[in-house]
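**Q** The following comprises the amino acid sequence and a computationally predicted model.
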Amino acid sequence: MIIKPKVRGFICTTTHPVGCEANVREQIAYVKGKGKLEQGPKKVLVIGASTGYGLASRINAAFGSGAATIGVFFEKPGTDKKPGTAGWYNAAAFDKAAKEEGLYARSINGDAFSNECREKVIELIKQDLGEVDLVVYSLASPVRKLPDTGEVVRSALKPIGEPYKSTALDTNKDVLVEAVVEPANEQEIADTIKVMGGQDWELWMNALEEAGVLAEGAKSVAYSYIGTDLTWPIYWHGTLGKAKEDLDRAAHAIDSKLKARGGNAHVAVLKSVVTQASAAIPVMPLYISMAFKVMKEQGIHEGCIEQIQRLFCDRLYSGQPAPVDEQNRLRLDDWELRDEVQNACREIWKQVQDDNIYQLTDYQGYKDEFLRLFGFGLKGVDYDADVDTQVDFDVIELA
Ligand SMILES: NC(=O)c1ccc[n+]([C@@H]2O[C@H](COP(=O)([O-])OP(=O)(O)OC[C@H]3O[C@@H](n4cnc5c(N)ncnc54)[C@H](O)[C@@H]3O)[C@@H](O)[C@H]2O)c1
(Lines give C-alpha, C1' and ligand atoms only; values in the text may rest on other atoms or scores of the structure.)
Protein backbone atom coordinates (compact mmCIF):
# COMPACT_ATOMS: atom_id res chain seq x y z
CA MET A 1 0.00 0.00 0.00
CA ILE A 2 1.19 3.54 -0.74
CA ILE A 3 0.20 5.59 2.30
CA LYS A 4 -0.29 9.36 2.47
CA PRO A 5 -1.43 11.36 5.49
CA LYS A 6 -5.17 11.95 5.92
CA VAL A 7 -5.76 14.48 8.66
CA ARG A 8 -9.23 14.87 10.18
CA GLY A 9 -9.36 17.45 12.94
CA PHE A 10 -6.87 16.49 15.61
CA ILE A 11 -6.26 13.00 14.29
CA CYS A 12 -4.46 11.58 11.29
CA THR A 13 -6.41 8.53 10.12
CA THR A 14 -3.48 6.96 8.29
CA THR A 15 -0.07 5.93 9.58
CA HIS A 16 3.17 4.98 7.89
CA PRO A 17 4.93 1.87 9.28
CA VAL A 18 8.35 2.71 7.85
CA GLY A 19 8.05 6.33 8.99
CA CYS A 20 7.08 5.24 12.50
CA GLU A 21 10.14 3.01 12.62
CA ALA A 22 12.32 5.91 11.45
CA ASN A 23 10.84 8.08 14.21
CA VAL A 24 11.64 5.46 16.86
CA ARG A 25 15.16 4.99 15.45
CA GLU A 26 15.76 8.76 15.63
CA GLN A 27 14.74 8.78 19.29
CA ILE A 28 17.00 5.81 20.00
CA ALA A 29 19.90 7.59 18.29
CA TYR A 30 19.31 10.69 20.42
CA VAL A 31 19.44 8.68 23.64
CA LYS A 32 22.51 6.72 22.57
CA GLY A 33 24.21 9.99 21.66
CA LYS A 34 23.85 11.09 25.29
CA GLY A 35 26.00 8.18 26.48
CA LYS A 36 25.18 5.46 28.97
CA LEU A 37 23.42 6.30 32.21
CA GLU A 38 25.32 3.80 34.33
CA GLN A 39 23.25 4.19 37.50
CA GLY A 40 19.96 4.05 35.53
CA PRO A 41 17.13 1.54 35.89
CA LYS A 42 17.64 -2.11 35.01
CA LYS A 43 14.20 -3.70 34.89
CA VAL A 44 11.41 -1.39 33.85
CA LEU A 45 7.65 -1.57 33.40
CA VAL A 46 6.15 1.18 31.23
CA ILE A 47 2.36 1.49 31.24
CA GLY A 48 1.41 3.45 28.11
CA ALA A 49 4.60 2.57 26.25
CA SER A 50 3.77 2.97 22.56
CA THR A 51 3.60 6.71 21.88
CA GLY A 52 4.48 10.08 23.37
CA TYR A 53 6.11 10.27 26.77
CA GLY A 54 5.72 6.55 27.56
CA LEU A 55 7.53 5.49 24.40
CA ALA A 56 10.27 8.02 25.15
CA SER A 57 10.55 6.52 28.65
CA ARG A 58 10.90 2.99 27.33
CA ILE A 59 13.54 4.13 24.84
CA ASN A 60 15.49 5.98 27.53
CA ALA A 61 15.37 2.98 29.88
CA ALA A 62 16.45 0.49 27.24
CA PHE A 63 18.92 2.44 25.15
CA GLY A 64 20.17 4.83 27.82
CA SER A 65 20.58 2.32 30.64
CA GLY A 66 20.46 -1.09 28.96
CA ALA A 67 17.27 -1.94 30.86
CA ALA A 68 15.02 -4.90 30.24
CA THR A 69 11.58 -3.45 29.53
CA ILE A 70 7.99 -4.60 29.62
CA GLY A 71 5.68 -2.25 27.74
CA VAL A 72 1.89 -2.10 28.01
CA PHE A 73 -0.26 -0.27 25.45
CA PHE A 74 -3.57 -0.38 23.63
CA GLU A 75 -3.01 -0.34 19.87
CA LYS A 76 -4.37 -1.80 16.66
CA PRO A 77 -2.31 -3.79 14.15
CA GLY A 78 -2.65 -3.07 10.44
CA THR A 79 -4.65 -5.19 8.04
CA ASP A 80 -4.16 -5.60 4.30
CA LYS A 81 -6.75 -2.82 3.82
CA LYS A 82 -5.88 -0.37 6.57
CA PRO A 83 -2.73 0.72 8.37
CA GLY A 84 -2.52 0.02 12.12
CA THR A 85 -2.16 2.71 14.75
CA ALA A 86 1.13 4.58 15.05
CA GLY A 87 1.66 3.05 18.49
CA TRP A 88 1.54 -0.43 17.00
CA TYR A 89 4.28 0.36 14.52
CA ASN A 90 6.30 2.24 17.16
CA ALA A 91 6.12 -0.73 19.51
CA ALA A 92 7.12 -3.11 16.71
CA ALA A 93 10.08 -0.86 15.83
CA PHE A 94 11.12 -0.65 19.48
CA ASP A 95 10.95 -4.41 19.83
CA LYS A 96 13.08 -4.93 16.72
CA ALA A 97 15.71 -2.40 17.78
CA ALA A 98 15.87 -3.73 21.36
CA LYS A 99 16.36 -7.28 20.17
CA GLU A 100 19.07 -6.20 17.73
CA GLU A 101 21.00 -4.98 20.78
CA GLY A 102 20.29 -8.11 22.80
CA LEU A 103 17.97 -6.24 25.18
CA TYR A 104 15.03 -8.01 26.80
CA ALA A 105 11.72 -6.53 25.59
CA ARG A 106 8.22 -7.89 25.98
CA SER A 107 5.03 -6.07 25.07
CA ILE A 108 1.42 -6.49 26.09
CA ASN A 109 -1.36 -5.09 23.91
CA GLY A 110 -4.47 -4.76 26.04
CA ASP A 111 -6.47 -2.60 28.40
CA ALA A 112 -4.11 -1.41 31.13
CA PHE A 113 -7.11 -0.50 33.30
CA SER A 114 -8.10 -4.17 33.58
CA ASN A 115 -7.17 -6.58 36.37
CA GLU A 116 -6.42 -9.14 33.69
CA CYS A 117 -3.67 -6.92 32.30
CA ARG A 118 -2.14 -6.45 35.74
CA GLU A 119 -2.19 -10.20 36.29
CA LYS A 120 -0.53 -10.85 32.94
CA VAL A 121 2.21 -8.32 33.62
CA ILE A 122 2.88 -9.79 37.06
CA GLU A 123 3.06 -13.29 35.58
CA LEU A 124 5.53 -12.05 32.97
CA ILE A 125 7.70 -10.25 35.53
CA LYS A 126 7.79 -13.37 37.74
CA GLN A 127 8.61 -15.58 34.79
CA ASP A 128 11.28 -13.44 33.12
CA LEU A 129 12.61 -10.70 35.39
CA GLY A 130 11.74 -11.59 38.97
CA GLU A 131 11.15 -7.94 39.83
CA VAL A 132 11.12 -4.42 38.41
CA ASP A 133 12.99 -1.41 39.77
CA LEU A 134 11.08 1.31 37.89
CA VAL A 135 7.41 1.64 36.98
CA VAL A 136 6.48 4.45 34.59
CA TYR A 137 2.80 5.33 34.41
CA SER A 138 2.06 7.23 31.19
CA LEU A 139 -1.49 6.49 30.17
CA ALA A 140 -3.58 9.07 28.33
CA SER A 141 -7.07 7.81 27.60
CA PRO A 142 -10.50 9.34 27.13
CA VAL A 143 -12.21 6.29 28.61
CA ARG A 144 -11.77 3.69 31.37
CA LYS A 145 -13.64 0.48 32.02
CA LEU A 146 -13.69 0.16 35.79
CA PRO A 147 -12.03 -3.13 36.66
CA ASP A 148 -14.49 -4.37 39.25
CA THR A 149 -17.90 -3.26 37.96
CA GLY A 150 -17.18 -3.16 34.22
CA GLU A 151 -18.77 0.32 34.09
CA VAL A 152 -17.37 2.41 31.24
CA VAL A 153 -16.45 5.93 32.35
CA ARG A 154 -15.49 8.80 30.04
CA SER A 155 -13.32 11.79 30.79
CA ALA A 156 -14.34 15.31 29.80
CA LEU A 157 -12.06 18.02 28.57
CA LYS A 158 -13.89 20.96 30.07
CA PRO A 159 -13.46 24.04 32.25
CA ILE A 160 -15.05 24.19 35.68
CA GLY A 161 -17.44 26.91 36.84
CA GLU A 162 -17.73 29.05 33.73
CA PRO A 163 -17.51 28.60 29.97
CA TYR A 164 -14.04 28.71 28.47
CA LYS A 165 -13.64 31.21 25.67
CA SER A 166 -10.36 31.65 23.93
CA THR A 167 -8.62 32.14 20.64
CA ALA A 168 -7.61 28.72 19.29
CA LEU A 169 -6.25 27.27 16.08
CA ASP A 170 -8.48 25.38 13.70
CA THR A 171 -5.80 22.97 12.53
CA ASN A 172 -7.94 21.81 9.59
CA LYS A 173 -8.31 25.26 8.08
CA ASP A 174 -5.18 26.91 9.53
CA VAL A 175 -7.16 29.86 10.86
CA LEU A 176 -7.78 31.29 14.29
CA VAL A 177 -11.18 30.67 15.78
CA GLU A 178 -12.95 31.52 19.01
CA ALA A 179 -13.17 28.27 20.98
CA VAL A 180 -16.02 28.04 23.45
CA VAL A 181 -16.30 25.09 25.80
CA GLU A 182 -19.16 24.83 28.27
CA PRO A 183 -18.25 23.98 31.88
CA ALA A 184 -18.36 20.44 33.22
CA ASN A 185 -21.01 19.25 35.63
CA GLU A 186 -20.18 17.40 38.85
CA GLN A 187 -20.56 13.99 37.21
CA GLU A 188 -18.14 14.89 34.43
CA ILE A 189 -15.58 16.11 36.95
CA ALA A 190 -15.89 12.89 38.98
CA ASP A 191 -15.67 10.75 35.87
CA THR A 192 -12.56 12.54 34.57
CA ILE A 193 -10.88 11.91 37.93
CA LYS A 194 -11.76 8.21 37.60
CA VAL A 195 -10.22 8.01 34.11
CA MET A 196 -7.15 10.24 34.36
CA GLY A 197 -6.64 10.48 38.14
CA GLY A 198 -4.39 8.38 40.35
CA GLN A 199 -6.65 5.45 41.23
CA ASP A 200 -5.44 3.17 38.45
CA TRP A 201 -1.78 3.96 39.17
CA GLU A 202 -2.40 2.99 42.81
CA LEU A 203 -4.09 -0.25 41.74
CA TRP A 204 -1.04 -1.08 39.65
CA MET A 205 1.44 -0.31 42.41
CA ASN A 206 -0.57 -2.18 45.05
CA ALA A 207 -0.87 -5.23 42.79
CA LEU A 208 2.85 -5.21 42.01
CA GLU A 209 3.75 -4.82 45.66
CA GLU A 210 1.38 -7.57 46.82
CA ALA A 211 2.79 -9.90 44.18
CA GLY A 212 6.30 -9.22 45.52
CA VAL A 213 7.66 -8.07 42.16
CA LEU A 214 8.91 -4.62 43.21
CA ALA A 215 12.65 -4.54 43.81
CA GLU A 216 14.19 -3.06 46.97
CA GLY A 217 14.45 0.67 46.27
CA ALA A 218 11.96 0.53 43.38
CA LYS A 219 10.82 3.86 41.99
CA SER A 220 7.67 4.90 40.22
CA VAL A 221 6.82 8.00 38.25
CA ALA A 222 3.55 9.20 36.70
CA TYR A 223 3.32 12.09 34.28
CA SER A 224 1.36 15.27 34.74
CA TYR A 225 0.80 18.63 33.11
CA ILE A 226 0.19 21.95 34.82
CA GLY A 227 0.94 24.49 32.10
CA THR A 228 0.67 28.25 32.42
CA ASP A 229 -1.96 30.94 32.91
CA LEU A 230 -2.52 30.76 29.14
CA THR A 231 -3.76 27.16 29.39
CA TRP A 232 -4.97 26.97 33.01
CA PRO A 233 -8.66 27.76 32.29
CA ILE A 234 -9.03 24.69 30.06
CA TYR A 235 -6.50 22.42 31.73
CA TRP A 236 -5.23 22.89 35.28
CA HIS A 237 -8.37 24.67 36.49
CA GLY A 238 -10.57 22.32 34.48
CA THR A 239 -11.56 18.67 34.68
CA LEU A 240 -8.14 17.34 33.69
CA GLY A 241 -6.47 19.47 36.34
CA LYS A 242 -8.74 17.89 38.96
CA ALA A 243 -7.66 14.46 37.71
CA LYS A 244 -4.01 15.49 37.90
CA GLU A 245 -4.56 16.75 41.48
CA ASP A 246 -5.76 13.25 42.24
CA LEU A 247 -2.57 11.92 40.69
CA ASP A 248 -0.68 14.05 43.25
CA ARG A 249 -2.75 12.47 46.02
CA ALA A 250 -1.91 9.00 44.71
CA ALA A 251 1.78 9.91 44.44
CA HIS A 252 1.93 10.72 48.17
CA ALA A 253 0.24 7.42 49.06
CA ILE A 254 2.50 5.36 46.76
CA ASP A 255 5.60 7.27 47.84
CA SER A 256 5.06 6.47 51.50
CA LYS A 257 4.75 2.76 50.70
CA LEU A 258 7.82 2.67 48.46
CA LYS A 259 9.85 4.75 50.93
CA ALA A 260 9.53 1.99 53.47
CA ARG A 261 11.67 -0.11 51.14
CA GLY A 262 14.12 2.60 50.11
CA GLY A 263 12.29 3.67 46.97
CA ASN A 264 10.06 6.58 46.02
CA ALA A 265 7.20 7.70 43.83
CA HIS A 266 6.85 11.02 42.09
CA VAL A 267 4.63 12.89 39.76
CA ALA A 268 6.81 14.41 37.04
CA VAL A 269 5.31 17.56 35.57
CA LEU A 270 6.30 17.64 31.93
CA LYS A 271 6.31 20.34 29.29
CA SER A 272 3.79 20.77 26.49
CA VAL A 273 4.67 18.65 23.49
CA VAL A 274 2.84 17.51 20.38
CA THR A 275 1.27 14.12 21.05
CA GLN A 276 -2.04 12.55 20.11
CA ALA A 277 -3.28 13.44 23.59
CA SER A 278 -2.34 17.15 23.52
CA ALA A 279 -3.59 17.70 19.96
CA ALA A 280 -7.10 17.03 21.24
CA ILE A 281 -7.06 19.84 23.81
CA PRO A 282 -8.47 23.19 22.59
CA VAL A 283 -5.85 25.96 22.63
CA MET A 284 -2.92 23.54 22.97
CA PRO A 285 -1.95 23.61 19.27
CA LEU A 286 -1.80 27.43 19.36
CA TYR A 287 -0.01 27.58 22.69
CA ILE A 288 2.47 24.87 21.66
CA SER A 289 3.17 26.68 18.37
CA MET A 290 4.04 29.83 20.33
CA ALA A 291 6.08 28.06 22.99
CA PHE A 292 8.03 26.08 20.35
CA LYS A 293 8.90 29.30 18.52
CA VAL A 294 10.15 31.00 21.66
CA MET A 295 11.96 27.99 23.10
CA LYS A 296 13.67 27.18 19.79
CA GLU A 297 14.86 30.79 19.57
CA GLN A 298 16.20 30.55 23.11
CA GLY A 299 17.91 27.21 22.39
CA ILE A 300 15.89 25.32 25.01
CA HIS A 301 13.42 23.41 22.83
CA GLU A 302 12.64 19.84 23.89
CA GLY A 303 10.36 17.10 22.58
CA CYS A 304 9.33 13.91 24.41
CA ILE A 305 12.67 12.17 24.08
CA GLU A 306 14.71 15.15 25.30
CA GLN A 307 12.37 15.74 28.27
CA ILE A 308 12.50 12.15 29.43
CA GLN A 309 16.26 11.93 28.91
CA ARG A 310 16.58 14.94 31.24
CA LEU A 311 14.13 13.36 33.71
CA PHE A 312 16.17 10.14 33.90
CA CYS A 313 19.58 11.74 33.86
CA ASP A 314 19.14 14.88 35.98
CA ARG A 315 16.32 13.87 38.32
CA LEU A 316 15.55 10.18 38.75
CA TYR A 317 19.07 8.77 38.41
CA SER A 318 21.41 11.70 39.01
CA GLY A 319 22.76 10.12 42.18
CA GLN A 320 21.64 13.24 44.11
CA PRO A 321 18.30 13.91 45.80
CA ALA A 322 16.16 15.44 43.04
CA PRO A 323 14.82 18.95 43.54
CA VAL A 324 11.03 18.84 44.06
CA ASP A 325 8.27 21.42 44.37
CA GLU A 326 6.02 21.91 47.41
CA GLN A 327 3.95 18.88 46.33
CA ASN A 328 7.04 16.63 46.02
CA ARG A 329 6.75 16.79 42.22
CA LEU A 330 9.65 16.70 39.77
CA ARG A 331 9.39 19.78 37.54
CA LEU A 332 10.59 19.21 34.00
CA ASP A 333 8.40 22.10 32.86
CA ASP A 334 10.95 24.43 34.48
CA TRP A 335 12.39 25.70 31.20
CA GLU A 336 8.97 26.27 29.64
CA LEU A 337 7.80 28.23 32.68
CA ARG A 338 10.73 30.64 32.67
CA ASP A 339 9.54 34.27 32.65
CA GLU A 340 11.37 35.01 29.42
CA VAL A 341 9.48 32.19 27.69
CA GLN A 342 6.06 32.96 29.13
CA ASN A 343 6.33 36.72 28.65
CA ALA A 344 7.29 36.20 25.01
CA CYS A 345 4.29 33.84 24.56
CA ARG A 346 1.95 36.42 26.11
CA GLU A 347 3.25 39.06 23.66
CA ILE A 348 2.66 36.75 20.70
CA TRP A 349 -0.78 35.86 22.02
CA LYS A 350 -1.80 39.54 21.81
CA GLN A 351 -0.60 39.92 18.24
CA VAL A 352 -1.39 36.64 16.52
CA GLN A 353 -3.84 36.76 13.60
CA ASP A 354 -4.70 34.58 10.61
CA ASP A 355 -2.15 36.28 8.37
CA ASN A 356 0.80 36.11 10.77
CA ILE A 357 0.41 32.66 12.39
CA TYR A 358 3.38 31.27 10.48
CA GLN A 359 5.60 34.28 11.23
CA LEU A 360 4.83 34.80 14.91
CA THR A 361 4.52 31.16 15.93
CA ASP A 362 6.11 27.85 14.99
CA TYR A 363 2.84 26.51 13.60
CA GLN A 364 4.78 24.88 10.76
CA GLY A 365 6.93 23.09 13.34
CA TYR A 366 3.76 22.01 15.16
CA LYS A 367 2.25 20.61 11.97
CA ASP A 368 5.44 18.80 11.01
CA GLU A 369 5.69 17.31 14.47
CA PHE A 370 2.03 16.26 14.38
CA LEU A 371 2.53 14.38 11.11
CA ARG A 372 5.68 12.74 12.44
CA LEU A 373 3.56 11.17 15.21
CA PHE A 374 1.94 9.13 12.46
CA GLY A 375 5.18 8.40 10.61
CA PHE A 376 5.01 11.13 7.96
CA GLY A 377 7.74 13.60 7.05
CA LEU A 378 10.67 11.51 8.27
CA LYS A 379 13.99 11.91 6.52
CA GLY A 380 15.10 9.00 4.35
CA VAL A 381 11.62 7.45 4.01
CA ASP A 382 10.29 6.92 0.49
CA TYR A 383 6.64 7.88 0.79
CA ASP A 384 5.90 6.84 -2.80
CA ALA A 385 7.00 3.26 -2.14
CA ASP A 386 4.62 0.41 -1.56
CA VAL A 387 4.78 -0.62 2.11
CA ASP A 388 3.49 -3.61 4.04
CA THR A 389 0.87 -2.52 6.57
CA GLN A 390 1.04 -5.81 8.43
CA VAL A 391 3.96 -5.65 10.80
CA ASP A 392 4.20 -8.51 13.28
CA PHE A 393 6.31 -8.65 16.39
CA ASP A 394 6.60 -10.42 19.70
CA VAL A 395 3.50 -9.09 21.46
CA ILE A 396 1.14 -10.66 23.97
CA GLU A 397 -2.43 -9.90 22.91
CA LEU A 398 -5.08 -9.65 25.62
CA ALA A 399 -8.54 -10.32 24.22
N1 LIG B 1 1.40 15.73 25.63
C2 LIG B 1 1.72 16.66 26.50
O3 LIG B 1 1.93 17.85 26.17
C4 LIG B 1 1.88 16.27 27.95
C5 LIG B 1 2.50 17.19 28.81
C6 LIG B 1 2.70 16.83 30.14
C7 LIG B 1 2.25 15.60 30.62
N8 LIG B 1 1.62 14.74 29.75
C9 LIG B 1 1.14 13.47 30.34
O10 LIG B 1 1.90 12.38 29.84
C11 LIG B 1 1.09 11.19 29.90
C12 LIG B 1 1.14 10.50 28.55
O13 LIG B 1 0.59 11.38 27.58
P14 LIG B 1 1.07 11.43 26.07
O15 LIG B 1 0.83 12.83 25.63
O16 LIG B 1 2.41 10.83 25.94
O17 LIG B 1 -0.07 10.51 25.41
P18 LIG B 1 -0.11 9.53 24.17
O19 LIG B 1 -1.51 9.59 23.67
O20 LIG B 1 1.00 9.79 23.21
O21 LIG B 1 0.18 8.08 24.83
C22 LIG B 1 -0.76 7.39 25.57
C23 LIG B 1 -0.31 5.95 25.80
O24 LIG B 1 -1.32 5.31 26.60
C25 LIG B 1 -1.67 4.08 25.99
N26 LIG B 1 -3.06 3.77 26.37
C27 LIG B 1 -4.15 4.55 26.30
N28 LIG B 1 -5.23 3.89 26.79
C29 LIG B 1 -4.78 2.67 27.19
C30 LIG B 1 -5.39 1.54 27.79
N31 LIG B 1 -6.69 1.52 28.10
N32 LIG B 1 -4.62 0.46 28.04
C33 LIG B 1 -3.29 0.43 27.72
N34 LIG B 1 -2.66 1.49 27.18
C35 LIG B 1 -3.40 2.58 26.92
C36 LIG B 1 -1.49 4.30 24.51
O37 LIG B 1 -1.42 3.05 23.83
C38 LIG B 1 -0.18 5.10 24.53
O39 LIG B 1 0.91 4.20 24.68
C40 LIG B 1 -0.33 11.64 30.30
O41 LIG B 1 -0.49 11.44 31.68
C42 LIG B 1 -0.31 13.13 30.00
O43 LIG B 1 -1.21 13.86 30.78
C44 LIG B 1 1.46 15.03 28.43
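**A** Here it is on my side, so go on. Residues are numbered from 1 along each chain as shown.
**Q** residues in this protein within reach of the ligand, list them.
**A** Taking Cβ under 6 Å from any ligand atom as the criterion, the chain approaches the ligand at residues 48-54, 72-75, 87, 111-113, 138-141, 223-225, 270, 272-273, 275-278. Where C-beta positions appear, they are placed from N, C-alpha and C, glycine not excepted.
**Q** got the contact list for the helix or strand containing Lys296?
**A** In this assignment (DSSP states H and E), Lys296 forms part of helix 284-297. Helix 284-297 has contacts (Cβ atoms under 8 Å, 6 or more residues apart in numbering) with 10, 167-169, 171, 176, 227-228, 230-231, 271-274, 278-279, 301-302, 335-336, 341, 344-345, 348-349, 352, 357, 360-363, 365-366, 369.
**Q** of all of the stretch 1-150 of the chain, which residue lies closest to the ligand?
**A** Gly52 (2.1 Å; Cβ to the nearest ligand atom).
**Q** so how far is the helix holding Lys296 from its chain's centroid?
**A** Computed by Cα atoms, centre = their mean, to the nearest Å, the chain-centroid distance of helix 284-297 equals 18 Å.
**Q** Return the set of buried residues in it.
**A** Residues of helix 284-297 classed as buried by neighbour count (16 or more other Cβ atoms under 10 Å): 284-295.
**Q** before we move on, the earlier item: mark which of the residues of the chain next to the ligand are part of strands, please.
**A** Secondary structure assignment by DSSP state E places 72-73, 223-224 of those in strands.
**Q** Now tabulate these in CSV and tack on pLDDT, distance to Asn206 and neighbour count.
**A** Listed next are these as CSV, based on pLDDT from 0 to 100; distance: Cβ to Cβ, whole Å; neighbours: other Cβ atoms under 10 Å:
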residue, pLDDT, distance to Asn206, neighbour count
Val72, 98, 16, 30
Phe73, 98, 21, 26
Tyr223, 98, 20, 25
Ser224, 98, 20, 25
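**Q** if we take the buried residues of helix 284-297, which one ends up nearest to Ser318?
**A** Met295 (22.8 Å; Cβ to Cβ).
**Q** ok, residues contacting stretch 386-399?
**A** Contacts of stretch 386-399 (Cβ under 8 Å, 6+ apart): 1-3, 16-18, 77-80, 82-84, 88-89, 91-92, 95-96, 99, 105-111, 114, 116-117, 120, 124.
**Q** any idea where the strands of the chain begin and end?
**A** Under DSSP E, the chain gives strands at 7-8, 11-12, 43-47, 68-73, 105-109, 132-137, 143-145, 152-154, 164-170, 175-181, 214-224, 264-269, 330-331, 395-397.
**Q** Next, format those strands as TSV and append distance to Ser256.
**A** Converted to TSV, the strands of the chain look like this (distance: least, Cβ to Cβ, whole Å):
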stretch	distance to Ser256
strand 7-8	45
strand 11-12	40
strand 43-47	20
strand 68-73	25
strand 105-109	28
strand 132-137	16
strand 143-145	25
strand 152-154	27
strand 164-170	36
strand 175-181	37
strand 214-224	12
strand 264-269	9
strand 330-331	17
strand 395-397	32
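**Q** Looking at those, which is nearest to Val195?
**A** Closest approach to Val195 among the strands of the chain (Cβ to Cβ): strand 143-145, 4.3 Å.
**Q** just how off-centre is the closest one within its chain?
**A** So, by Cα atoms, centre = their mean, the centroid of strand 143-145 is 17 Å from its chain's centroid.
**Q** Give me the buried positions along it.
**A** Buried residues in strand 143-145 (16+ other Cβ under 10 Å): Arg144.
**Q** which helix in the protein runs the most residues?
**A** The longest helix of the chain (DSSP state H) is helix 239-259.
**Q** That helix packs against which elements?
**A** With contacts taken as 3 or more Cβ pairs under 8 Å, 6 or more residues apart in numbering; DSSP states H and E, helix 239-259 sits against helix 186-196, helix 199-210, strand 214-224, strand 264-269.
**Q** residue closest to the middle of this protein?
**A** In the chain, the centroid-proximal residue (Cα atoms, centre = their mean) is Tyr53; its distance is 3.2 Å.
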